[in-house]
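Asks: Attaching a predicted model along with its sequence, questions to come.
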Amino acid sequence: MNRKIILPCLLLSLLGFACNPTTTVPQTEIDLNRLPTVELQAESRPLDSVLWAPDCIFAFDDYVIVEEGKRSTGLFQCFDAQSLDFRFACGTRGKGPNELLNPLGAYVVSNDSTFSLLDNGIEKEFRIVDKHLVLTRKAPIVIYDAVNGLTRIGRDRYFMNGRSDGSEPEHLFYDDGHIIDCGHYPESPYEDHRRFILEFKTNAGHIDGDTIYSFYNNRNLIRKYAPDGRLLEESYLSGKECKTPDYDRYHSGQASQFFGSSCMGDSVFLIAFYDGVPNATVYAGDYDPEFLLWRWDTGVQCRLKLDRRYQRPAFTLSEKLHRLYVLDLQQPDRIDTYDLNSVL
């Protein structure tokens, strides 16, 4: 990569709250041409249950669950993870102990026995017992701003993007009610909400893990943090432009977009990869879907290319069944599955 491009990044690679602000961090390049590319073919299952307005899809236990947060009852449509047959719906809107008011589909964390989601600024953890939701835990996240890029890294510990006005710091830790500043933005001509928008990140972490990844949606940059906030590494995609995103180009739909949403498993996670296509192209669904597969312990493993296009793809991963599930939120009449046995 051009040294003139990297140098400003080096000078601005300041560590988080637990580190020396004059220290720079290692710079690495990811050569996409050297990554194995796996082309996946979809198997479609038309749905025998009508989805009204889905928000997200996630794997939990032996189910694939579609959240429909706008419903008053049946917020979670539960399908058999193997056959994709509809099994039952559960969850009601309300103020009761096992109910939800405004679930946020952008954030779901699941494991073998429970799943958690954000509801009006409160993370709620549920079990499903006899086809009903049972609340097992709740943790308020009070930051007096919108919660963006949230990832859970401990029982009551979270990592997220900074404040929506674009002010420093770039990230926040929320640790059992305490807000801790972390990190600094890359070089940018903006210091207001435009910086927050242009430097928006998808953060990937897992409970009690030793790394947190921060993928810049509109910039060729990936940052890797330790759980204490130390910036460990910055990575770039070789052969791609490494420049500061421009707000006018973003607003007109001509800004390069690199990364999108993610889904996380115990040993791996997937990040949507757009390869620098214009953001208007991404919003229109006029691109060939692709993911990068990462292992928490060893980093990026391969590229996964899907054989179908989606206008608004939502996806989830089942490590147990070695499957990727994709639902088009714009046309939710089927769920596509992709076999991941060759990479998991």
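Replies: Perfect, I can see it now. Residues are numbered from 1 along each chain as shown.

Asks: ok, which stretches of the stretch 101-250 of the chain are strands?
Replies: Taking DSSP state E, counting those that start in this stretch, the strands of the stretch 101-250 of the chain run over residues 103-110, 115-119, 122-129, 132-140, 151-154, 157-161, 171-175, 178-182, 201-204, 212-216, 222-225, 231-237.

Asks: mind giving me TSV with those and columns for mean pLDDT and distance to Gly253?
Replies: Where you see a C-beta, it was placed from the backbone N, CA and C, and this is true even at glycine. Converted to TSV, these look like this (pLDDT from 0 to 100; distance: least, C-beta to C-beta, whole Å):
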stretch	mean pLDDT	distance to Gly253
strand 103-110	90	22
strand 115-119	95	29
strand 122-129	96	34
strand 132-140	95	37
strand 151-154	94	28
strand 157-161	96	22
strand 171-175	96	27
strand 178-182	95	31
strand 201-204	98	20
strand 212-216	98	18
strand 222-225	97	24
strand 231-237	96	21
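
Asks: Of those strands, which is nearest Pro97?
Replies: Each of these has some distance to Pro97 by C-beta to C-beta; the shortest is strand 132-140, at 5.6 Å.

Asks: Among the strands of the stretch 101-250 of the chain, which comes closest to Tyr247?
Replies: When those are compared by C-beta to C-beta, strand 212-216 sits nearest Tyr247, at 14.8 Å.

Asks: which residues touch that closest one?
Replies: With contacts defined as C-beta atoms under 8 Å, 6 or more residues apart in numbering, strand 212-216 is touched by 149, 151, 153, 159, 171, 186, 199-205, 222-227, 258-259, 262, 271, 294.

Asks: now the strands of the stretch 101-250 of the chain as CSV including mean neighbour count and distance to Gly299?
Replies: Converted to CSV, the strands of the stretch 101-250 of the chain look like this (neighbours: other C-beta atoms under 10 Å; distance: least, C-beta to C-beta, whole Å):
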stretch, mean neighbour count, distance to Gly299
strand 103-110, 20, 22
strand 115-119, 21, 26
strand 122-129, 18, 28
strand 132-140, 15, 30
strand 151-154, 20, 17
strand 157-161, 22, 18
strand 171-175, 22, 20
strand 178-182, 15, 21
strand 201-204, 22, 12
strand 212-216, 23, 9
strand 222-225, 22, 9
strand 231-237, 20, 9
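
Asks: Can you tell me how far the residue lying closest to Thr244 once chain neighbours are set aside is from Leu221?
Replies: Excluding the flanking residues, the one nearest Thr244 by C-beta to C-beta, 6 or more residues apart in numbering is Ser188, at 5.6 Å. Distance of Ser188 to Leu221, given as C-beta to C-beta, to the nearest Å: 12 Å.

Asks: between the two, which one's more packed in?
Replies: Between Ser188 and Leu221, Leu221 has the larger neighbour count (other C-beta atoms under 10 Å), namely 19 against 16.

Asks: close enough to count as contact, the more buried one and Glu233?
Replies: No: using C-beta atoms under 8 Å, Leu221 is not in contact with Glu233, being 11.1 Å away.

Asks: got any ranges where this protein has weak pLDDT?
Replies: 1-23 (pLDDT under 70).

Asks: Apply 80 and report the result again.
Replies: 1-23, 49 (pLDDT under 80).

Asks: so what does the host helix or strand of Phe58 touch, helix or strand wise?
Replies: Using DSSP states H and E, the element containing Phe58 is strand 56-60. For strand 56-60, the elements it packs on are strand 63-67, strand 103-110, strand 313-318, strand 323-328, judged by 3 or more C-beta pairs under 8 Å, 6 or more residues apart in numbering; DSSP states H and E.

Asks: quick one, which of those is nearest to Ile143?
Replies: Comparing the helices and strands packed on strand 56-60 by C-beta to C-beta, strand 103-110 comes nearest, at 13.9 Å.

Asks: what does the closest one rub up against?
Replies: 55-56, 58-60, 67, 69, 75, 115-119, 147, 150, 152, 261, 264.

Asks: Before I go, just wanted to say thanks for your time.
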